[in-house]
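Novice: build me a structure from this.
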Amino acid sequence: MSTSTDRIANALYQSQCLRFGSFKIKSGATSPYYIDMARVLSAPRKLDILAVEATEKIREIQKTDPINKLASIELKGALIAPSIAVKLDMPCIIVRKEEKVYGVTGRIAGADVAKGDNVLFFDDVISEGLSKIEGIKPLTELGANVKHMLVVVNREHGGKEKLEQLGYKIHALAKITDVVNSLYANKHISKEEATKVLDYVQQFKN
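Specialist: Residues are numbered from 1 along each chain as shown. Predicted coordinates for the structure are as follows:
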């Protein structure tokens, strides 16, 4: 019987969102894997799997904390957020990375943000976590409460811990080490590929 991690790992791998090799990342460093969540648009059934898992996680959170709107930032998280919002029957907000200067201006698209809204912020991955602060800033400036953040994959670079120290509650559908272990156990990747990623992640824990 497959676990939630198995389903997420398989969805990321089969849709080619998760690739193994040698990739230059935003920091300039080289990573043995890369997550391109936009690829999930090529595999609608895999997109639905991620949306279902995220929906279940948010419903779990709602048992203890009220959430009445879902938000994400362009581009990657915003590709999946509407599918989650449909399942939750919840208004969805997209935060633009830059302010729109024509038409309906500002950084907010989609649902309006009202003072007192309890907004869950959704994104594709968390690495160092600092970009998430910028993403939620336009929401809090309009009076929204952003207590919870949910990502598909925690890259285990320390971002979750940094944001939790600031008072946020960080949730992930899966950690990259668990995803890799699942793929290896199910014979999708080689031991060498798995070991490279596990060794890479370990450097951020020392």
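Novice: gap between Ile58 and Arg19?
Specialist: As for Ile58, its distance to Arg19 is 27 Å (criterion: CB to CB, to the nearest Å). Any C-beta I mention is one placed from the backbone N, CA and C, and that applies to glycine too.
Novice: so between the two, which is more surrounded?
Specialist: Between Ile58 and Arg19, counted using other CB atoms under 10 Å, the more crowded position is Ile58 (21 against 14).
Novice: you'd agree that one is up against Pro66?
Specialist: No - at 11.6 Å, Ile58 does not count as touching Pro66 under the criterion of CB atoms under 8 Å.
Novice: do you know how far Leu47 is from His188?
Specialist: According to CB to CB, Leu47 and His188 sit 19 Å apart.
Novice: next, Glu156: secondary structure please.
Specialist: coil (DSSP: H, G, I helix; E, B strand; the rest coil).
Novice: just checking, it touches Thr177?
Specialist: Yes - the pair Glu156 and Thr177 passes the contact test of CB under 8 Å, sitting 6.3 Å apart.
Novice: quick check: neighbours shared by the two?
Specialist: Val201 (CB atoms under 8 Å, 6 or more residues apart in numbering).
Novice: where are the low-confidence patches of the protein?
Specialist: By pLDDT under 70, the low-scoring segments of the chain are 1, 100-105, 206.
Novice: how far does the longest helix along the chain sit from its chain's centre?
Specialist: Identified as the longest helix of the chain according to DSSP state H is helix 44-62. In terms of CA atoms, centre = their mean, to the nearest Å, the centre of helix 44-62 is set 11 Å apart from its chain centre.
Novice: for it, buried residues please.
Specialist: Neighbour-count burial for helix 44-62 flags 46-47, 49-55, 57-58, 61-62 (criterion: 16 or more other CB atoms under 10 Å).
Novice: export only the CA atoms of that helix, formatted as CSV.
Specialist: Taking C-alpha atoms only, helix 44-62 is exported to CSV below (Å, rounded to 0.1, in the frame of the first residue of the first chain):
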residue,chain,number,x,y,z
PRO,A,44,-2.8,16.5,-15.2
ARG,A,45,-3.3,13.3,-13.2
LYS,A,46,-0.1,13.9,-11.3
LEU,A,47,-1.1,17.5,-10.7
ASP,A,48,-4.4,16.2,-9.2
ILE,A,49,-2.4,13.9,-6.9
LEU,A,50,-0.5,16.9,-5.5
ALA,A,51,-3.6,18.9,-5.2
VAL,A,52,-5.4,16.1,-3.3
GLU,A,53,-2.5,15.7,-0.9
ALA,A,54,-2.3,19.5,-0.3
THR,A,55,-6.1,19.7,0.2
GLU,A,56,-6.0,16.9,2.9
LYS,A,57,-3.1,18.7,4.7
ILE,A,58,-5.0,22.0,4.7
ARG,A,59,-8.2,20.3,6.0
GLU,A,60,-6.1,18.8,8.8
ILE,A,61,-4.7,22.3,9.7
GLN,A,62,-8.3,23.7,9.7
